[in-house]
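pasting the sequence and the predicted coordinates here, then a few questions.
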Amino acid sequence: MSVEFLEWINIRIHDKKYFTARYLAHLSDISGMQSETIAKILCGFLFTILTFCDQAHFFANSILIGVPLLLIFCYPEEKPADESFYIYFPVFGGITLFDRNLESVPCYYVMKLMLFLLFFTPPYTLHKQISDLLSKDPGVENTIQSRASTGKSTGKPLEPSTRTAVSRQPTSKSSVKTDVTQLTTPSPMAFRSKPKNSDVKVTTIEEYYREEELLSPNGTVINRVITGPFRKETTRIENKKDK
């Protein structure tokens, strides 16, 4: 095994900074045995259960779920980076779906437990390797950079000119003058649109007569005079809406 891997295991057994070492030290005080001996006995007992017990599926998955949750909620100062659990739990769920199909393989649950142990033990740290594989493909970044550089070098497309360029300069091989006419794009004709709303001036002409009566002191009509006709014009502005 790797020296780093053995050192990592040894720290979890003896360094009371970690909850595993603290529990082993407590069992060591009760039993009088060394922490390493207790750790070996527990590993042998676990190996037997995962290999020969009918409930190996339950014990293996309980450990693989319980230990991460214990680190997250009970010992957060000892847990790995949160990003590692983003890889750990999806991979665990995907492999667990095929447990019943793969448990016929000898020592399958022991190998499964060791596999997920390698997620966090150096120098393997499988969660980092999986994270690198799932990261962005460098080929995509090169493609994006090449497209960006092409866009910068090309610049904006030239707009079509509305003028006609005529070249009268002779070439070096021939003294014949050539005309080079550049195609022009005709500008569209401007049409004045008819407004939907317009004001209308309306003139009303009225014709009327004026009647005058001369009355006596007692109120009788002495004389009646009718003059006219007279014309009266009225102008107003109306708003007309076109349908």
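In hand now; what should we look at? Quantities reported herein were computed from a predicted structural model and do not represent experimental measurements.

biggest strand in the chain by residues?
strand 221-241 (DSSP state E).

show me the contact partners of that one.
Strand 221-241 has contacts (Cβ atoms under 8 Å, 6 or more residues apart in numbering) with 196-216. Quick note: C-beta positions are derived from backbone N, CA and C, even for glycine.

buried stuff in stretch 66-80?
68, 71, 79 (16 or more other Cβ atoms under 10 Å).

and stretch 112-121, by the same measure?
For stretch 112-121, by 16+ other Cβ under 10 Å, it's 112-113, 116-117, 119-121.

just stretch 24-36 next, same as before
By 16+ other Cβ under 10 Å, the buried positions in stretch 24-36 come out as 24, 27-28, 35.

do stretch 49-57 as well
Buried residues in stretch 49-57 (16+ other Cβ under 10 Å): 49-50, 56-57.

contacts for it?
In contact with stretch 49-57 (Cβ under 8 Å, 6+ apart) are residues 59-60, 99-100, 103, 106-107, 109-110, 113.

10 Å instead?
48, 58-60, 62-63, 96, 99-100, 103, 106-113 (Cβ atoms under 10 Å, 6 or more residues apart in numbering).

mind giving me the ChimeraX command for buried ones among those?
Of the contacts of stretch 49-57, the buried ones can be selected in ChimeraX as follows, counting by 16+ other Cβ under 10 Å:
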select :60,63,108,109,110,112,113
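
where exactly do the helices run in this structure?
3-14, 19-31, 35-52, 56-73, 82-96, 99-102, 108-117, 126-134, 138-154 (DSSP state H).

worst average pLDDT in the ones you listed?
Across the helices of the chain, helix 138-154 has the smallest mean pLDDT, namely a mean of 50.

domains of this protein?
Domain assignment for the chain, taken from automatic domain parsing, gives 3-134, 200-238.

one step back: reformat the helices of the chain as a markdown table; add distance to T220.
Shown next, in a markdown table, are these (distance: least, Cβ to Cβ, whole Å):
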| stretch | distance to T220 |
| --- | --- |
| helix 3-14 | 136 |
| helix 19-31 | 131 |
| helix 35-52 | 138 |
| helix 56-73 | 119 |
| helix 82-96 | 116 |
| helix 99-102 | 129 |
| helix 108-117 | 129 |
| helix 126-134 | 119 |
| helix 138-154 | 106 |
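
list the contacts for N10?
Per Cβ under 10 Å, 6+ apart, neighbours of N10: 21, 36, 39.

no further queries at this time; thank you.
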